[in-house]
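Engineer: structure, please.
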Amino acid sequence: MTKSYYSPSGGLPPQTQLMTDRAMFTEAYAVIPKGTLTDIVTSFLPFWDKARFWVLARPLSGFAETFSQYIAEVQPGGGSDRPETDAGVEAVLFVVEGTITVTISGEVHEMTPGGYAYLPPDAAWSLRNLSKVPARFHWLRKAYQGVEGLDAPDAFVTNEADIPPTPMPDTNGTWATTRFVDPTDLRHDMHVTIVTFQPGGLIPFAETHVMEHGLYVLEGKAVYRLNTDWVEVEAGDYMWLRAFCPQACYAGGPGPFRYLLYKDVNRHMPLGR
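Structural biologist: The predicted model follows:
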């Protein structure tokens with residue numbers, strides 16, 4: 001089955017458009033609809049050429065604190081030879097449109113839609129768009145939590161098309177997760193996966209757990225429970241959940257509902273003095 005990957009194109013709504021929208025920010029979650037990703041909310045970053053970024057998430061004290069997430073748009077000929085300026089930061093890149101060329105420790109990788117790269121902390125990497133059309137990709141960043149006795153993970157590049165989804169038990173295949181990292185590999189302190197629901201699939205209980213989440217809808221639509229609210233979401237929307245925010249989902253169709261999911265894993269909870 002052909003996969004679909006929604007990506008924003010920017011622009012600006014006309015003056016005739018109603019301002020009423022689905023955007024919301026609460027103490028437990030945020031919803032950033034695709035219509036809010038306009039030209040005027042993009043950011044620019046040091047040492048990047050012909051590139052702009054929609055910032056979907058950043059650490060906020062008292063909210064979600066472990067990660068940041070951008071959608072990057074790189075024009076032909078653009079990119080960076082020094083993309084990361086912070087020490088100790090790991091990253092995941094996930095391509096949704098176009099082609100990027102990523103060089104990791106001298107090894108060159110061409111990434112197309114569905115392409116996934118894990119970049120360990122302090123990796124030597126660069127990125128270029130050598131094609132003739134814009135490229136867009138998600139860039140998730142986290143300060144790596146090292147543990148004495150565990151090495152940092154290795155860099156790798158793959159594509160969703162090469163990884164069979166893992167069905168959830170007792171769901172008849174209506175709910176599955178594409179896992180790019182072995183869940184038992186405790187070197188990793190974050191997972192970025194793709195969750196797929198077929199029409200009629202659902203999360204049948206209110207998940208309430210310590211992991212923070214970023215969920216970007218790649219394809220389809222659904223009704224998603226966030227804390228006490230049921231919210232309609234569609235391809236291009238982003239949901240941002242703090243720890244312990246209850247969540248559930250019902251995918252009504254007519255096609256698959258798929259999202260890119262971030263969560264922090266495999267580490268003790270930091271304790272204050």
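Engineer: now do the lengthiest strand in the chain, average pLDDT.
Structural biologist: With secondary structure taken from DSSP state E, the chain has its longest strand at strand 68-80. Averaging pLDDT along strand 68-80 gives 98.
Engineer: who does it pair up with?
Structural biologist: strand 49-57 (antiparallel), strand 125-128 (antiparallel), strand 135-143 (antiparallel) (DSSP bridges).
Engineer: so where do the helices sit in the stretch 51-200 of the chain?
Structural biologist: In chain order, the stretch 51-200 of the chain shows no helices, with DSSP state H, counting those that start in this stretch as the criterion.
Engineer: which SSE is residue 13 in?
Structural biologist: In this structure, residue 13 sits in neither a helix nor a strand according to DSSP states H and E.
Engineer: check contacts around it.
Structural biologist: Residues in contact with residue 13 (CB atoms under 8 Å, 6 or more residues apart in numbering) are 35, 38. Where C-beta positions appear, they are placed from N, C-alpha and C, glycine not excepted.
Engineer: Throw the strands paired with strand 68-80 into JSON lines and include mean pLDDT, mean neighbour count and distance to residue 102, thanks.
Structural biologist: Shown next, in JSON lines, are the strands paired with strand 68-80 (pLDDT from 0 to 100; neighbours: other CB atoms under 10 Å; distance: least, CB to CB, whole Å):
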{"stretch": "strand 49-57", "mean pLDDT": "98", "mean neighbour count": "19", "distance to residue 102": "14"}
{"stretch": "strand 125-128", "mean pLDDT": "98", "mean neighbour count": "20", "distance to residue 102": "5"}
{"stretch": "strand 135-143", "mean pLDDT": "98", "mean neighbour count": "23", "distance to residue 102": "9"}
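Engineer: out of these, flag the one nearest residue 270.
Structural biologist: For residue 270, the closest of the strands paired with strand 68-80 is strand 135-143, at 11.6 Å, according to CB to CB.
Engineer: before we move on, back to that, send the alpha carbons of the longest strand of the chain over as PDB?
Structural biologist: Only the C-alpha atoms of strand 68-80 are listed here, as PDB (Å, rounded to 0.1, in the frame of the first residue of the first chain):
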ATOM      1  CA  SER A  68      11.900  19.800  20.500                       C
ATOM      2  CA  GLN A  69      10.400  19.100  17.200                       C
ATOM      3  CA  TYR A  70      10.700  21.000  13.900                       C
ATOM      4  CA  ILE A  71       9.500  20.700  10.400                       C
ATOM      5  CA  ALA A  72      12.300  21.800   8.200                       C
ATOM      6  CA  GLU A  73      11.900  23.100   4.600                       C
ATOM      7  CA  VAL A  74      15.200  23.200   2.600                       C
ATOM      8  CA  GLN A  75      15.200  24.700  -0.900                       C
ATOM      9  CA  PRO A  76      17.300  23.300  -3.700                       C
ATOM     10  CA  GLY A  77      21.000  23.900  -3.000                       C
ATOM     11  CA  GLY A  78      20.300  24.600   0.700                       C
ATOM     12  CA  GLY A  79      21.300  22.800   3.900                       C
ATOM     13  CA  SER A  80      23.900  23.000   6.600                       C
END
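Engineer: and that strand, what's buried?
Structural biologist: Neighbour-count burial for strand 68-80, with 16 or more other CB atoms under 10 Å as criterion, is recorded at 68-75, 78-80.
Engineer: tell me how far it is from the chain's mean position?
Structural biologist: In terms of CA atoms, centre = their mean, to the nearest Å, the centre of strand 68-80 is found 14 Å from the chain centre.
Engineer: and for stretch 124-142?
Structural biologist: 14 Å.
Engineer: any idea how far apart the tips of that stretch sit?
Structural biologist: End-to-end distance of stretch 124-142 (CA to CA, to the nearest Å): 16 Å.
Engineer: low-confidence regions, the stretch 151-273 of the chain specifically.
Structural biologist: Scanning the stretch 151-273 of the chain for pLDDT under 70 picks out the ranges 273.
Engineer: what about 80?
Structural biologist: 272-273 (pLDDT under 80).
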